[in-house]
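1. Got a predicted structure plus its sequence, pasted below:
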Amino acid sequence: MTNVILVSFDTTRADRLSCYGHFRRTSPHIDQVAERGVLFTDFFSPHIPTFPGHTTMMTGMDVYAHRVTGQLHNYEPTEGVQMLAEILQKKGYYTAAADNLGRWFARGFEAIEPYGWDTADKNHWRKAEAVNGAVKKVLTSAASQDKPFFLFFHYWDPHTPYLPPAPFDRMFYFGDEKDPDNTSMDAVWDFENFKYYFSEWMPDVTDIEFPKAQYDAEIAYMDACFAHVLTQLDELGLTSDTLLVLTADHGEELDEHGHWFDHHGLYDTNIHVPLILSCPSLLPEGLRVGGLTQMPDLTPTILDILDLGHIAQEQGMFGKSLLPLINSPASTQRGSTDCIHITENTWMKKRGLRTHQWKFIYPLEVPDLHGNSDIELYDLLNDPDEQVNLVHERPEVVARFTKQLEDWVAERLTATNNEDPLPLHPIPLRSIGRSMDIAVPRDKRLTKEVEKPVTDESLEGGDFIGYEREEGNTTSSSHNP
Ligand SMILES: [Zn+2]
């Protein structure tokens, strides 16, 4: 029988991996997995950030079905929604994870190996090596079982703060990041809400190319560490019969839209993520599949590959199996949908639509974090970097998408018999100047390392620090669509 290992590379943009065309060679080992498997070129994580991203990844549902829209831990998935580990455990799989999310993400796992990393060094963190320590234990334990396994590994390296260890810290940057004559970071340092946080981990940096290079260096470090996992799989003789699934819960904004070094905004930088499947005994080699595909498709695809596709139907999963696209090369440009419904509940609350040609973004609370109240419309064929907002030039397209978005929400609320979850869940608030070592959410029940006392209980719910919204600064303007 086939084993499954699902790997989430948190905060990893598709376009910063070399197998997705990045000009830097960031991911030689992930690239190897792609070469011996299937890479989906246009795969999107439609619900950001971390909690909705992973909940969607592991349920095959959208936010209207599972109702996890943001980072608050008191909004659990809707009753009856099953996590992939729960499903596979019932089917006789050994289930284990190397992860620190805890909460509902722990459901269905027989064993969870938590991890933590040393944050005493303010310049270099070795996150992936800490994760690898947990992964090694999980893999060893799984290999000794007399049944197939489902494992989940969760890496965090490209998540801020970007502090890659040597020699990766100078892999992609050769200049003087504190050159007093460089003014490229001026706008970043003028951004009140984040500047205290940024000053914690990149003090006095003047060259914006430096944090961009460090983001890539974090991917390269993570990729090198992931090579150890591939080696261990080989040594255990598990490579051929193990379905390896590599993906990410969301991407990251670098300097594309003035939302620096964080993952808010429904731009492709944040929602276009990698999806690579490899299973030498079952799947073709070196296949690249085009067409729009999305995170809700992941769990139905894994189930289908395991000959458990009927469960996706029984559970009423929102996503579609991508196996037909893999098996029928003629259909590989078709995708699983023509239109992806996207949502964010980060520092901003928005939803929208992404088609092959268009990106439509509708703000639910205005002004947003950046003082913007506009609807956004981008022609992705002529403006793939989403730089020119056509909201005023193309009113007929805006009208069409506004109606389509309204209809979509209404349809999903009827189908799920749920209330719209986005207006219900408040935007999580965090304070300026929190220590950077809490930038990653950790379930305290799973945390082994000695942590500084965290006084604000709500911090355990969040993936974001460095920003405090003034009371009354943001008002809810509309809940439609
Ligand atoms: Zn995340």
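-> Looks like it came in fine. Owing to the predicted nature of the structure, the values given are computational and were not obtained by experimental measurement.
2. contacts, neighbours, all on C-alpha from now
-> Noted.
3. my read: Met295 touches Pro46, true?
-> Yes: using Cα atoms under 8 Å, Met295 makes contact with Pro46 at a distance of 6.8 Å.
4. Which residue, other than its chain neighbours, is closest to the residue most central in space within the chain?
-> Using Cα atoms, centre = their mean, the residue of the chain that lies closest to the mean C-alpha position is Asp249, 1.7 Å off. Excluding the flanking residues, the one nearest Asp249 by Cα to Cα, 6 or more residues apart in numbering is Gly53, at 4.6 Å.
5. can you tell me which residues contact the one you found?
-> With contact set as Cα atoms under 8 Å, 6 or more residues apart in numbering, Gly53 has these partners: 45-47, 249-250, 295.
6. residues contacting the residue nearest to the centre of the chain?
-> Each residue near Asp249 by Cα under 8 Å, 6+ apart is listed here: 8-12, 45, 48-50, 53-54, 57, 273.
7. Mind doing that once more with 10 Å?
-> 8-13, 44-57, 270-274, 295 (Cα atoms under 10 Å, 6 or more residues apart in numbering).
8. what stretches of the stretch 351-481 of the chain score poorly on pLDDT?
-> 428-481 (pLDDT under 70).
9. hmm, 50 instead?
-> Residues of the stretch 351-481 of the chain meeting the criterion pLDDT under 50: 431-435, 447-481.
10. mind listing the helices for it?
-> 395-416, 421-424 (DSSP state H, counting those that start in this stretch).
11. what sits up against the first one?
-> When contacts are defined by Cα under 10 Å, 6+ apart, helix 395-416 is touched by residues 62-66, 316, 318, 341-342, 351-354, 358-362, 375-377, 390-392, 417-421, 480-481.
12. what about 8 Å?
-> 64-65, 341, 352-353, 360, 377, 391, 419-420, 480-481.
13. Without its sequence neighbours, what residue ends up closest to the residue of the chain found nearest the ion?
-> Nearest residue of the chain to the ion: Thr50, at 3.6 Å (Cα to the ion). Using Cα to Cα, 6+ apart and skipping residues adjacent in sequence, the residue nearest Thr50 is Asp249, 5.9 Å away.
14. hmm, back to that, so when I look at the residue nearest to Asp249, I'm seeing a helix, right?
-> Yes: according to DSSP: H, G, I helix; E, B strand; the rest coil, Gly53 belongs to a helix.
15. and the residue nearest to His263 when sequence neighbours are not counted, how many neighbours?
-> Distances taken as Cα to Cα, 6+ apart put Glu252 closest to His263, at 4.7 Å, once the chain neighbours are dropped. The tally of other residues near Glu252 (other Cα atoms under 10 Å) stands at 30.
16. Return the residues in contact with Glu252.
-> Residues near Glu252 by Cα under 8 Å, 6+ apart: 11-13, 261-264, 269-270.
17. Try it again at 6 Å.
-> Counting by Cα atoms under 6 Å, 6 or more residues apart in numbering, Glu252 touches 11, 262-263, 269-270.
18. before we move on, what about Ala98?
-> Under the criterion of Cα under 6 Å, 6+ apart, the neighbours of Ala98 are 112-114, 134-135, 153.
19. Stretch 270-287 and the ion in contact?
-> No: Stretch 270-287 stays clear of the ion (Cα under 5 Å from the ion), getting no nearer than 10.2 Å.
20. May I have that stretch as CSV, with CA atoms only?
-> The C-alpha trace of stretch 270-287 is given here as CSV (Å, rounded to 0.1, in the frame of the first residue of the first chain):
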residue,chain,number,x,y,z
ASN,A,270,0.6,35.5,-1.3
ILE,A,271,-1.7,33.0,-2.9
HIS,A,272,0.3,31.4,-5.7
VAL,A,273,2.0,28.5,-3.9
PRO,A,274,3.8,25.3,-5.0
LEU,A,275,2.2,21.9,-5.4
ILE,A,276,4.5,19.0,-6.3
LEU,A,277,3.4,15.4,-6.1
SER,A,278,5.8,12.5,-6.4
CYS,A,279,5.2,8.7,-6.1
PRO,A,280,7.5,6.8,-8.5
SER,A,281,5.4,3.6,-8.3
LEU,A,282,2.1,5.4,-9.2
LEU,A,283,2.6,8.8,-10.8
PRO,A,284,4.4,9.9,-14.0
GLU,A,285,7.8,11.6,-14.0
GLY,A,286,8.5,15.1,-15.0
LEU,A,287,4.9,16.2,-15.7
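21. What are the buried residues along that stretch?
-> Buried positions in stretch 270-287, judged by neighbour count with 16 or more other Cα atoms under 10 Å: 270-280, 283-285, 287.
22. Distance to the ion and mean neighbour count for the helices of the stretch 351-481 of the chain - can I get that in JSON lines?
-> Below are the helices of the stretch 351-481 of the chain laid out as JSON lines (distance: least, Cα to the ion, whole Å; neighbours: other Cα atoms under 10 Å):
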{"stretch": "helix 395-416", "distance to the ion": "25", "mean neighbour count": "15"}
{"stretch": "helix 421-424", "distance to the ion": "18", "mean neighbour count": "17"}
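23. which stretch among the ones you listed comes nearest Ala224?
-> Nearest to Ala224 among the helices of the stretch 351-481 of the chain is helix 421-424 (38.2 Å), distances taken as Cα to Cα.
24. Which residues does the closest one contact?
-> Arg67.
25. Low-confidence ranges, this protein, go.
-> Low-confidence regions of the chain, defined here as pLDDT under 50, cover residues 431-435, 447-481.
26. Tell me the residues on it that lie near the ion, please.
-> For the chain, the residues in contact with the ion (Cα under 5 Å from the ion) are 10, 50.
27. Can you show me the helices along the chain?
-> 28-35, 50-57, 63-66, 84-90, 127-143, 186-189, 192-201, 209-235, 268-271, 298-305, 309-314, 323-327, 395-416, 421-424 (DSSP state H).
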